[in-house]
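*Asks:* Pasted the sequence and its predicted model underneath.
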Amino acid sequence: MAAKRRRAMVLGALVVGGLLIVGVLARPADTAQRTGNAQPSPSQAVAMRLDKPEKFLSGWPESKNRKWRNAAQQSVGALKTLLDGDATSAVATAYTTADDKYTIVVSGVSGKVPNPTAALDRIFATLPRLSEVKPTRPGPMGGEARCGKGEDQGVWVNTCAWADDYSIGMVAFIGFPQTGDPDDMFVRARSQIEHPVA
């Protein structure tokens, strides 16, 4: 129970401190600089749709914690500002293990992304307390992806984000041991959320 209380108390710090929630974002074309080490988007981009799985990863249920789900909703609102036009789909929720030990917060939008690299620049610029931000595998859907990590009151947060021509999203892994591989979990998570439009 002490660990659950500590994780709940840390949520406010995560939101304010820039470990989890994307703040107010400017359009990437206006303010962001391109980075040299990011992977290019696929030349033959396919329109994408984001859907909320009933169960996540290895059967994790959706979290009943309203704070986590509200955090995901706030992120989605900010991510929409990076689109050129309206979102065509969105996902904003959280999943947790049965013992409530680990949490994953998921947020993403689909629509026209004018500059995926600039979108990622803006996302991580608004998450100043994340460190060691570096490119990672985007998974089978392509585009670009980066991950970074942060810590607050003993709770680790690994945040990964992706952007392609038709979607932008974030996956935050909260309370996971740092001996794991968030990059691999990120690819699995994104594969469950994002699907080509038939």
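*Replies:* Looks like it came in fine.

*Asks:* Skip the chain neighbours and tell me the closest residue to the spatially most central residue of the chain.
*Replies:* For the chain, the residue nearest the mean C-alpha position is Met170 (1.0 Å; CA atoms, centre = their mean). Residue nearest to Met170 in three dimensions, not counting chain neighbours: Ala161, with 4.5 Å by CB to CB, 6 or more residues apart in numbering. Any C-beta I mention is one placed from the backbone N, CA and C, and that applies to glycine too.

*Asks:* Please name every helix or strand in contact with the strand or helix carrying that neighbour.
*Replies:* Using DSSP states H and E, Ala161 falls within strand 155-164. With contacts taken as 3 or more CB pairs under 8 Å, 6 or more residues apart in numbering; DSSP states H and E, strand 155-164 sits against helix 2-17, helix 116-125, strand 144-152, strand 167-174, helix 182-193.

*Asks:* Convert the C-alpha atoms of it to PDB, please.
*Replies:* Output for strand 155-164, consisting of C-alpha atoms alone and laid out as PDB, is shown next (Å, rounded to 0.1, in the frame of the first residue of the first chain):
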ATOM      1  CA  VAL A 155       9.600   6.500  -9.100                       C
ATOM      2  CA  TRP A 156      11.000   6.000 -12.600                       C
ATOM      3  CA  VAL A 157       9.200   7.200 -15.700                       C
ATOM      4  CA  ASN A 158      10.400   6.100 -19.100                       C
ATOM      5  CA  THR A 159       8.600   8.100 -21.900                       C
ATOM      6  CA  CYS A 160       8.700   7.100 -25.500                       C
ATOM      7  CA  ALA A 161       7.100   9.100 -28.400                       C
ATOM      8  CA  TRP A 162       6.700   8.500 -32.100                       C
ATOM      9  CA  ALA A 163       5.700  10.600 -35.100                       C
ATOM     10  CA  ASP A 164       5.000   9.600 -38.700                       C
END
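
*Asks:* Now for the chain, the helix or strand with the poorest mean pLDDT.
*Replies:* Each helix and strand of the chain was given a mean pLDDT (mean pLDDT, DSSP states H and E); the minimum falls on helix 28-31 at a mean of 38.
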